[in-house]
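# for reference, the sequence and a predicted model appear below.
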Amino acid sequence: MESRNLAIGVLAIIAAVLLVGLIIVNVQPQPAYASNISSNGGDFTVTVGRITRDTEVLYVLDNVTQRLLVYTINRTTGAIDMMDGAELGALTPPGGTGR
């Protein structure tokens, strides 16, 4: 009878540990994903995009000078590099707002 009681006790403890682990995993908040979100702040507009699974893009638009800067962020290495830049003022038609 002693070994039977020991087995029941061990199984009860294992079940309690697994139950606590399940509760902890399900209670933790989900990670936030910031894809396709843009933000305006003062003279700048910032938005994000994705090139590959490990490389994301940060678009920074200076609304005053109408200049666009594009930065790449490599999540595996943590490197941030300037990818491209463009003058957007030349893209609008003369005498119009471009709309």
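Good, I have the coordinates. Residues are numbered from 1 along each chain as shown.
# what about F44, distance to E56?
Counting by CB to CB, to the nearest Å, the gap from F44 to E56 is 18 Å. Glycine gets a C-beta too; all of them are placed from N, C-alpha and C.
# who has more neighbours out of the two?
Higher neighbour count among F44 and E56: E56, with 17 against 13, using other CB atoms under 10 Å.
# does that one touch R75 like I think?
Yes. Counting by CB atoms under 8 Å, E56 touches R75, with 6.7 Å between them.
# quick one: the helices in this protein?
2-27 (DSSP state H).
# show me the shaky parts of it.
1, 32-38, 92-99 (pLDDT under 70).
# could you redo the last one with a cut-off of 50?
Across the chain, nothing is flagged by pLDDT under 50.
# could you break this structure into its assigned domains?
Domains of the chain are assigned by automatic domain parsing as 1-30, 38-89.
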